[in-house]
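[1] here's my sequence, what's the structure:
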Amino acid sequence: LFESGNLSGLLEAMAVVSANHNGAPLSQVAINWCRAKGTIPIPGARTIKQARQNLEALDWNLSAEEIRLLDEASVKVPAYIEADKSPFPKSDINTGLVMFDS
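    Numbers count the residues shown, from 1 in each chain. This next block holds a predicted model:
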């Protein structure tokens, strides 16, 4: 996935948006992108810090240009990632819970 640049392009676009908003966490970028698409995201939080970050996403909105940037980058990402090929952690670093079980 990273080898083709598909996901890295999206992460780079998210980093640009983050920088536009005082280094907002990428989770806030994702939450606001969902909101911009008319969905109601229900983010999970394992810590108080994560819950606060999720709530702070409501303090700002994406510009039309930022939405376009994210949309263009996301088109290049495959819709399905097999668990064994995912670049994401296989288990939670704090709890050890399995992130992918299939």
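
[2] run the chain-centre distance for stretch 8-27.
    Chain-centre distance of stretch 8-27: 9 Å, with C-alpha atoms, centre = their mean, to the nearest Å.

[3] so for it, what gets flagged as buried?
    Across stretch 8-27, burial judged by 16 or more other C-beta atoms under 10 Å covers 8-11, 13-14, 17-18, 20-21, 24-25, 27. Every residue, glycine included, has its C-beta placed from N, CA and C.

[4] out of these, which two sit at the greatest distance?
    8 and 21 (20.6 Å; C-beta to C-beta).

[5] and for the nearest residue to residue 43 once chain neighbours are set aside, the neighbour number?
    Distance criterion C-beta to C-beta, 6 or more residues apart in numbering; nearest residue to residue 43, sequence neighbours excluded, is residue 54 at 4.7 Å. Using other C-beta atoms under 10 Å, residue 54 has 18 neighbouring residues.

[6] elements contacting whichever strand or helix holds residue 54?
    Assessed by DSSP states H and E, residue 54 sits inside helix 48-56. In this structure, helix 48-56 packs against helix 26-36, with contacts taken as 3 or more C-beta pairs under 8 Å, 6 or more residues apart in numbering; DSSP states H and E.

[7] quick one, what contacts the residue nearest to the spatial centre of the chain?
    Nearest to the geometric centre of the chain sits residue 30, at 4.1 Å (C-alpha atoms, centre = their mean). By C-beta atoms under 8 Å, 6 or more residues apart in numbering, the contact set of residue 30 is 14, 41, 43.
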